[in-house]
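# Give me a 3D structure for the following:
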Amino acid sequence: MNNVKSHNEIRPLTVEELQNWIEEEKAILEMIEGYKSKLSEGEREQFEILCFGVWNCLNNLHGMLDDNELKYYPKELRKRKRVEYAKLMRKHRKGSHGNK
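Below you'll find the predicted structure:
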C-alpha cells in the first residue's frame, strides 16, 4: 500500500487518502484519453483497452473501500462498471467538442 511522508515519519495512507488518490488518478486518466486521437487506428484501440483496464481497476478499488473496509464485488458488478466507463467516455468526448 502507498505510504505518506509526514514530518519525518512514514505511515500508511488512510482509507480517505487512498480514495482521494484514486480519484486524482482517474482524473488524470480522463485527461490522457484525449491523446488517442493522435494515434493510428490500431494503436488507438490498444490505447482505449489499456485506459479502460486502468480506469476499471481504480474504480473498483475505490468502490471496494466503502465504509472504511475492503470489500470484494463479484464479476457481474464489474461488468456494470465497464458500461459506466463507456458512458463517461461518451460524455467526456461530447463535452470536449462542445456538443452537450
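
# contacts and neighbour counts: CA atoms only from here.
OK.

# what element comes up after the least confident helix or strand in the chain by mean pLDDT heading to the C-terminus?
Every helix and strand in the chain was compared by mean pLDDT, DSSP states H and E; the lowest is strand 3-6, with a mean of 56. Once the chain leaves strand 3-6, the next helix or strand it forms, by DSSP states H and E, is strand 9-12.

# Average pLDDT for that next one, rounded please.
Average pLDDT, strand 9-12: 78.

# Sheet-wise, list the partners of it with their directions.
Strand 9-12 has the following strand partners under DSSP bridges: strand 3-6 (antiparallel).

# Report the distance from stretch 20-27 to the chain centre.
Stretch 20-27 has its C-alpha centroid displaced from the chain centroid by 7 Å (C-alpha atoms, centre = their mean, to the nearest Å).

# Not counting it itself, show me its contacts.
Trp55, Leu58, Asn59, His62 (C-alpha atoms under 8 Å, 6 or more residues apart in numbering).

# Mind putting these into CSV with secondary structure?
As requested, these are exported to CSV (DSSP: H, G, I helix; E, B strand; the rest coil):
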residue, secondary structure
Trp55, helix
Leu58, helix
Asn59, helix
His62, helix
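
# now, among those, which is nearest to Met89?
Distance ranking of the contacts of stretch 20-27 against Met89, using C-alpha to C-alpha, places Trp55 first at 10.9 Å.

# so where's the chain shaky on pLDDT?
For the chain, applying pLDDT under 70 flags the ranges 1-8, 67-68, 72-79, 95-100.
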